[in-house]
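S.K.: What follows is a predicted structure for the sequence shown.
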2 protein chains.
Amino acid sequence: MKKEITIYDIASQIGVSPTTVSRALNNHPRVNERTKKKIYETAEELGYQSNIFASNLRRKYTYNLGVIVPRLDSPFQSSVLAGMEKMASEAGYNLIISQSLDSLSKEIANTKSMFNSRVDGLLVSLAADTGNIDHFQPFFQKEIPVLFYDRVPEQNQFTGVVIDNVQAGFEATSHLIDQGCENIVHVLGNPKINVYMDRLKGYKYALMDHDKHYNPDYVIHLKLDEHAGENIVEQLLNMDPVPDGLLVSNDTCAASCVIALKKRGIEIPRQMAIVGFNNDLISRMVDPNLSTINYPSFHMGEVAVKNLINHLSDEENQLLQKTETITLRFSLIVRGSSNRLAL
Amino acid sequence: MKKEITIYDIASQIGVSPTTVSRALNNHPRVNERTKKKIYETAEELGYQSNIFASNLRRKYTYNLGVIVPRLDSPFQSSVLAGMEKMASEAGYNLIISQSLDSLSKEIANTKSMFNSRVDGLLVSLAADTGNIDHFQPFFQKEIPVLFYDRVPEQNQFTGVVIDNVQAGFEATSHLIDQGCENIVHVLGNPKINVYMDRLKGYKYALMDHDKHYNPDYVIHLKLDEHAGENIVEQLLNMDPVPDGLLVSNDTCAASCVIALKKRGIEIPRQMAIVGFNNDLISRMVDPNLSTINYPSFHMGEVAVKNLINHLSDEENQLLQKTETITLRFSLIVRGSSNRLAL
DNA sequence: ATGAAAGCGCTAACAA
DNA sequence: TTGTTAGCGCTTTCAT
């Protein structure tokens, strides 16, 4: 490897001090414009590249943000990440991204690695089996901001970006009731994950609100993937009475239910009205199109990074206090899979 | 911010030199086991955290790999990234990820930013309008390995991981011909992107091989998204003769064609046989299921990172020479959208 | 097996 | 507006 060009080389070449070069390159206002110009030119000419390690070592700042997602290959998460990357790159930050694969031990390892990499801030959507957030303690102690999004801790003491999943579950369920559904099954994922618990709460509240009996047998927990539909439909058809409404906590799984139901000749929405979650691509492609909760994923990414960066830059005048939560708007999109009144 | 614990603190606490502490923490063999043990304990006790900047500054190595993708929110890319992250984290590397949004100028900015961040290596899938790869020159000059995957440069002088898109286009087209299609339309994206050009080549070769006339009017270029189907089907139905086979260069768009065709009462595959690309989720959900090219995205990510890291670690004995290309296996999956013989 | 000394390249404090 | 000095925390000779 050839010797690197440093600010000393630039300095000695044009007869100023390294300090002046440093200041010029950082666009410090109190450097003579002509000196600045000469420094830029010389830097260019010599092929100077700033040594970010030395700079970091002094400044104790990296312009790197860490992100820990459950999985990279999920439509929801990749859309969040796209929003995050947009905001981060506009503000001059890099994103270091890792996935927990929904395993607490991997999440702990990722957290350590992010801490050792000295990210300036951390964005986290929790793994399924994360019970407490003790592993973020090093961040809290060093006052490195940690912002949770979507899958947040159960405790109230955190900064986060979420939607009101209780309300979303409530509205989705109420909609099914309004369509005349008498017996509504709710399918959700790992109950340790707050978003699922909250939607379940909303489901129950909606039943209560409409004076309907809550039947625990109508709540199904399983892995919400493209293969789940068969299994779910099998269960539905063995219930007594057979339900006529279905609220599924993500679109991939809801779409697989639509397919499995159609295969058995069950008419949607007449015999079974269905609502999903997320407004993923699949919800617009399956036939009939899926009613769903429009989850503002891209926006969630933007807002999360924006706020984290605000935390970092604006140390005095923080709009968002620690342990405050931002709740984004969602909306129920009614499509063919539940729209009985249009029939 | 509180004062950081350094190796000096550990050293003075137990009366050894900082050198010894550094060696112990790096698990250097020539340190007395008892000394080592004491050093580990003291480090733990004081809450020592290694300062990676100082270490980087000396070692000139970051254990960070840069990744530039066209877009984060694509099923294909997020699956590649999942594979990359898995490999990278197993090997102790972090991934710094940014997206070019298919814009050359953003790609150039990202490349600069990665260079300034001093990543140890770079993984790139090119933007649509990237004509040449001059902007990677700083990496080449400093001999920082750059590995291209999927969307690679036209020049031969690069290290990359790809599939044989010519062959894939060939097989997909041949399959449609075997199903009795007489007039096959090929829909592809921006022709500057090598993968689309290669598939087009394969499409032409297959026609030639089967003594079919190549009609340039049967080649449609447009943005391959979920909205394209309507437009494409409109064009198809105005062709003379109306085609009976359709090869679409990604599954999202192919699925939108299926939907648009069904809406017009066209039977699939009898009147129109369709093949997509990628084996995305949607190909298994749309009705009829989409025949497609199984693109090994996750594996591509794993292989790309694995090889980049090999480059980095094994400087002498590199299995993969510079400017060498790895070609992964793909396969044609035949499903209902093209399987006429099963009717 | 351990230590002393030097230096990686930059920036902040202070001085002029 | 510019310069001097010192030091961020670590690793690496070289010496013992």
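M.R.: That came through, no problem.

S.K.: Next up, the contacts around A:Val119.
M.R.: A:Val119 sits next to A:Thr62, A:Asn64, A:Leu65, A:Gly66, A:Ile96, A:Ile144 when contact means CB atoms under 8 Å, 6 or more residues apart in numbering or on different chains. (Each C-beta comes from the backbone N, C-alpha and C, glycine too.)

S.K.: so where does it fall, helix or strand?
M.R.: Under DSSP states H and E, no helix or strand contains A:Val119.

S.K.: Spatially nearest residue to it, not counting backbone neighbours?
M.R.: The spatial neighbour of A:Val119 that comes closest, neighbours along the chain excluded (CB to CB, 6 or more residues apart in numbering or on different chains), is A:Gly66 at 3.8 Å.

S.K.: Just say helix, strand or coil for that neighbour.
M.R.: When classified by DSSP: H, G, I helix; E, B strand; the rest coil, A:Gly66 comes out as strand.

S.K.: How about the contacts made by A:Asn294?
M.R.: A:Asn279, A:Phe330, A:Ser331, A:Leu332, A:Ile333.

S.K.: taking the mean pLDDT, what do you get for stretch A:49-63?
M.R.: Averaged across stretch A:49-63, the pLDDT comes to 90.

S.K.: hmm, I was thinking of stretch A:187-199
M.R.: Mean predicted lDDT for stretch A:187-199 stands at 94.

S.K.: Show me what counts as buried in it.
M.R.: Neighbour-count burial for stretch A:187-199, counted by 16 or more other CB atoms under 10 Å in any protein chain shown, picks out A:Val187, A:Leu188, A:Gly189, A:Lys192, A:Ile193, A:Asn194, A:Val195, A:Tyr196, A:Met197, A:Asp198, A:Arg199.

S.K.: from those residues, which two are the most distant?
M.R.: With distances taken as CB to CB, the most widely separated pair in these is A:Val187 and A:Asn194, at 17.1 Å.

S.K.: In terms of residue numbering, what are the domains of chain A?
M.R.: Listed domain ranges for chain A are A:7-50, A:63-162+A:297-328, A:165-296+A:331-342 (source: automatic domain parsing).

S.K.: re the thing from before, going by distance to B:Ser50, which of the contacts of A:Val119 wins?
M.R.: A:Thr62 (14.6 Å).

S.K.: Do I have it right that the closest one meets A:Asn56?
M.R.: Yes. Under the criterion of CB atoms under 8 Å, A:Thr62 makes contact with A:Asn56 at 5.5 Å.

S.K.: what residues do the two have in common as contacts?
M.R.: The contact sets of A:Thr62 and A:Asn56 overlap at A:Arg118, B:Phe53 (CB under 8 Å, 6+ apart).

S.K.: contacting residues around A:Val166?
M.R.: A:Asp198, A:Arg199, A:Lys201, A:Gly202, A:Tyr205.

S.K.: how close does the last one get to DNA strand D?
M.R.: Between A:Tyr205 and DNA strand D the computed distance is 52 Å (CB to the nearest atom of the strand, to the nearest Å).

S.K.: can you check the second one too?
M.R.: Between A:Arg199 and DNA strand D the distance, using CB to the nearest atom of the strand, works out to 46 Å.

S.K.: can you give me the strands for the stretch 101-250 of chain A?
M.R.: For the stretch 101-250 of chain A, the strands defined by DSSP state E, counting those that start in this stretch occupy A:121-124, A:146-149, A:159-163, A:184-188, A:219-221, A:245-248.

S.K.: Now do the helices in chain A.
M.R.: Applying DSSP state H to chain A gives helices spanning A:7-14, A:18-25, A:33-46, A:52-59, A:75-90, A:104-116, A:137-141, A:165-178, A:194-209, A:228-237, A:251-263, A:281-285, A:297-313.

S.K.: buried ones in the longest one?
M.R.: Of the residues in helix A:297-313, those buried under the neighbour-count criterion (16+ other CB under 10 Å) are A:297-298, A:300-312.

S.K.: Same question for the third one.
M.R.: Taking 16+ other CB under 10 Å as the neighbour-count basis, helix A:33-46 is seen to contain the buried residues A:Lys36, A:Lys38, A:Ile39, A:Thr42, A:Ala43.

S.K.: Distance to DNA strand C and pLDDT added to these, as a markdown table?
M.R.: Below are the buried residues of helix A:33-46 laid out as a markdown table (distance: CB to the nearest atom of the strand, whole Å; pLDDT from 0 to 100):
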| residue | distance to DNA strand C | pLDDT |
| --- | --- | --- |
| A:Lys36 | 14 | 91 |
| A:Lys38 | 17 | 91 |
| A:Ile39 | 12 | 91 |
| A:Thr42 | 13 | 91 |
| A:Ala43 | 9 | 91 |
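
S.K.: What count of nearby residues applies to the closest residue to A:Leu72 other than its chain neighbours?
M.R.: The spatially closest residue to A:Leu72, leaving aside those adjacent along the chain, is B:Ala82, at 4.2 Å (CB to CB, 6+ apart). B:Ala82 has 22 neighbours, counted by other CB atoms under 10 Å in any protein chain shown.

S.K.: Closest to chain B out of the buried residues of helix A:297-313?
M.R.: A:Phe298 (7.5 Å; CB to the nearest CB).

S.K.: Tell me how far the closest residue to the closest one other than its chain neighbours lies from DNA strand C.
M.R.: Once flanking residues are discounted, A:Phe298 sits nearest to A:Gly83: 4.0 Å by CB to CB, 6+ apart. Noted for A:Gly83: a distance of 30 Å to DNA strand C, by CB to the nearest atom of the strand.

S.K.: Quick check, A:Gly83 in contact with A:Lys306.
M.R.: No. Using CB under 8 Å, A:Gly83 is not in contact with A:Lys306, being 9.5 Å away.

S.K.: hey, what's in contact with both of those two?
M.R.: The overlap between the contact sets of A:Gly83 and A:Lys306 (CB under 8 Å, 6+ apart) is empty.

S.K.: where does chain A have low pLDDT?
M.R.: Per-residue confidence for chain A (pLDDT under 70) gives these ranges: A:1-3, A:314-323.

S.K.: Contact residues of it facing DNA strand D?
M.R.: Contacts of chain A with DNA strand D, taken as CB under 7 Å from any atom of the strand, map to A:15-20, A:23, A:29-32, A:35, A:54, A:57-58.
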